[in-house]
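K.L.:
coords please:
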Amino acid sequence: MKRTEIDMKFYQGLENQDRSILEQIPKSDLHNHAGRGGKIEDLSMDISPRTKPFESLNEMQEWFEMNVKTRIAPGVEGFLERVEASFKQAERDSINKLALSFAMRDINALQGVENFSKIINEYKCRYIPESEFIPELTLLRSEISENEIAEVKDIISYDYFKSLDICGNEQGASLNQYVDLYKYARTKKNAFESTCWRIRNCRRCGKCS
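P.N.:
Numbering: from 1, shown residues only. Okay, the predicted model is just below:
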């Protein structure tokens, strides 16, 4: 198999352990938690980087809570600062397909899907205007009420989110309770089935329609 110029550049970056080369190569980031995907250098607070590897996911979560989440601005302001950092990092890493995960509380904090999507789309167009953007709605794997199911369906009905992610304890509540949500999501063809989907309602540039 003949290697392309990009292939050769990629192997060169790996062999030389040269991150600057690897950052230039177009790539996909298909599962990124929106408030955790940026560099601490892009945040307003002076946060010291971790000096050794984490021993577990729990330790990583504790470090994040103590050193990042509780130190930057609280509420919506801090959340958006972290989200913007994720888009900055996507630009830096030459990401041409980006999937960012958002929780229900993130949408509610920004007063609903319409305002939420407008703000997120502005970041997208500012930092990665040529890239495909895949907003993902994350649900916690736990018992879910009929009212919560109705709320999720209402969010899906806006055709903004393209993916549903069930996260949390794998030994948690049965996944059967989410079947109807996935069936409903699949009826929203623009959001969940089109491989050439692009974001809409962005007025910052003309490249995202």
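K.L.:
how much space between the nearest residue to Tyr184 once chain neighbours are set aside and Tyr178?
P.N.:
Nearest in space to Tyr184, with sequence neighbours left out and distances taken as CB to CB, 6 or more residues apart in numbering, is Lys153 at 5.6 Å. To be clear about C-beta, it is placed using only N, CA and C from the backbone, and glycine gets the same treatment. Going from Lys153 to Tyr178 by CB to CB, to the nearest Å gives 12 Å.
K.L.:
and Ser145, by the same measure?
P.N.:
From Ser145 to Tyr178 the distance is 13 Å (CB to CB).
K.L.:
which one of these two has more residues nearby?
P.N.:
Set Ser145 next to Tyr178 and count neighbours by other CB atoms under 10 Å: Tyr178 wins out with 18 against 9.
K.L.:
check which helices and strands the longest helix along the chain sits against.
P.N.:
Secondary structure of the chain per DSSP state H: the longest helix is helix 75-92. Contacts defined by 3 or more CB pairs under 8 Å, 6 or more residues apart in numbering; DSSP states H and E place helix 75-92 against strand 27-33, strand 95-103, helix 104-109, helix 113-127.
K.L.:
most packed of those?
P.N.:
strand 95-103 (a mean of 21; mean count of other CB atoms under 10 Å).
K.L.:
doesn't Ile21 belong to a helix?
P.N.:
Yes: checked against DSSP: H, G, I helix; E, B strand; the rest coil, Ile21 lies within a helix.
K.L.:
spatially nearest residue to it (excluding sequence neighbours)?
P.N.:
In space, Ile21 is closest to Gly13, 3.4 Å off (CB to CB, 6+ apart).
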